[in-house]
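>>> Okay, sequence plus prediction incoming.
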Amino acid sequence: MTVALAVPDILVARAQAGDEAALEALFHAFETPVYNLARRMLRNAEDAEDVLQETFLEVVKSIRHYRGEGYLWGWIRRIAATKALMRIRRDHLRATEPLDDEHGKTGMHVGANIDLERAFQQLTDTSRAVVWLHDVEGYTHEEISELMGKSVSFSKSQLARAHARLRRMLGEGEGAHA
Amino acid sequence: MMHCTMDDLLALRAGEASAWARRHVEDCAACRAELDSLYQRVAQLKALPTLRPPRDRWSVVREGARVQRVRRHRTWGSWGLAAAAALLGVLLVPRFGGDGSSLHAALAQAKDQSATLEQQFQNYDVDGRVLTGRMAAQVAELQDNIAVIDGDLARWGALKPQAQDAELVKLWQQRVELMRQLVTVRVSNARYVGL
């Protein structure tokens, strides 16, 4: 999702001064991209709503420290991505699953030629997060590795595995590149 | 014939491919088709419909922010009191001879260090800078451990308000060590998050 949201500096300044109406305006300007990011990274809608809420709690708390470097959306997006990744990590810890699990959900139909959205949802949480952050949001592997507390090669291998799985699930080119 | 792997294709897309992969993809129709598929897949991912939140959560966020503000003021207020109490303890508690004196000195030193580290943490903990997953987990774990020690200290204070036991000194020293780790994590974060 490409977000070309620009918010007036005066609105940011008012929000930094604690103006509740300005904070609410920022919330409504960014709630959809934040929710979309979280929803694409996470498996269910409730978790994405929680991330939306946690992200804006953080925004309200920390906006006075936002120094206007880069786009506000970049700053908010980083908060949202961090919150979503923390949730993935927490869920993995609870489920005692390895973070780099590559097996995916059970019931995946390899080569079933399902549509991309469904195939994307079938990826593991970690793979889905890496694919979305890298391919859609435009994060570099270095940035993803920093956010995830993992190495650059981990991010790269997750992306390669995820694309290989997407390719199989979508039934693309059953020949040489399986 | 050897073909490009998915790693090769992704590297080609990123402009970081090896010379072999670059040459191969020019000559191999199958690999060119794979690379096209990869581009198309990414384009389709970018074109997936935007998912919108099912309900307005602003009122929940506003209320949560208000609660956080109140809690933060209380926390800093109580930490300030704790620091003041530690200082008063250093000034007012009578000096003991022998082992009692060394215990007292160790206790006063640990409390003093703890208060200093609290202040440093306050300086770096700029109202919840964004942390990486690993750092957030470290901070949460350290704060949990400190809370456990604080609970022990509170119980100790209720049972033996004048105690200078070695166990009490040990608890304070553990708290100092945890606070030191917490400050270290925060300082590292402040250096590179740059928000």
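Arrived safely, thanks for sending.
>>> Going along the chain, name the helices of the chain.
Chain wasn't specified; assuming chain A. For chain A, the helices defined by DSSP state H cover A:9-16, A:20-41, A:45-62, A:72-95, A:116-122, A:125-131, A:141-148, A:152-169.
>>> ah, no, chain B please
Assigned helices in chain B, in chain order: B:6-14, B:19-27, B:29-46, B:58-92, B:98-124, B:133-159, B:166-193 (criterion: DSSP H).
>>> Give me the angle between the last one and helix A:72-95.
Read it as helix B:166-193. Angle, helix B:166-193 to helix A:72-95, by axes from the mean of the first three to the mean of the last three CA atoms, to 10 degrees: 140 degrees.
>>> the inter-axis angle of helix B:166-193 versus helix A:141-148?
Orientation of helix B:166-193 against helix A:141-148 (the same axes, to 10 degrees) gives an angle of 160 degrees.
>>> Mind listing what's buried along helix B:166-193?
Using 16 or more other CB atoms under 10 Å in any protein chain shown as the test for burial, helix B:166-193 gives B:168-169, B:171-183, B:185-186, B:189, B:193. Placement of C-beta: from N, CA and C, glycine included.
>>> How about stretch B:106-113?
Buried residues in stretch B:106-113, defined by neighbour count with 16+ other CB under 10 Å: B:106, B:107, B:108, B:110, B:111, B:112, B:113.
>>> now, among these, which is nearest to chain A?
Of all the buried residues of stretch B:106-113, residue B:113 has the smallest distance to chain A: 27.6 Å, by CB to the nearest CB.
>>> Could you double-check that the closest one lies in contact with residue B:176?
Yes: Residue B:113 is in contact with residue B:176 according to CB atoms under 8 Å; the separation is 4.6 Å.
>>> how far away is residue B:170 from residue B:120?
Residue B:170 is 22 Å from residue B:120, where distance means CB to CB, to the nearest Å.
>>> how's the chain carved up into domains?
Defaulting to chain A. Annotated domains of chain A cover A:1-96, A:103-178 [automatic domain parsing].
>>> The intended chain is chain B.
Taken from automatic domain parsing, chain B resolves into B:6-46, B:58-193.
>>> anything in the first one near chain A?
What it means is domain B:6-46. Yes: contact check for domain B:6-46 against chain A, using CB under 8 Å from any CB of the partner chain: residues in range are B:6-7, B:9-10, B:30-31, B:33-34, B:37-38, B:41-42, B:44-46.
>>> are any of those buried, and which?
Buried among those (16+ other CB under 10 Å): B:6, B:7, B:9, B:10, B:31, B:34, B:37, B:38, B:41, B:42, B:45.
>>> what's the farthest-apart pair in those residues?
Spatially, the most separated pair among those is B:31 and B:45, at 21.1 Å (CB to CB).
>>> So which helix or strand of chain B has the lowest pLDDT on average?
helix B:133-159 (a mean of 71; mean pLDDT, DSSP states H and E).
>>> what does chain A give?
Counting by mean pLDDT, DSSP H and E, the weakest-scoring helix or strand in chain A turns out to be helix A:72-95, with a mean of 88.
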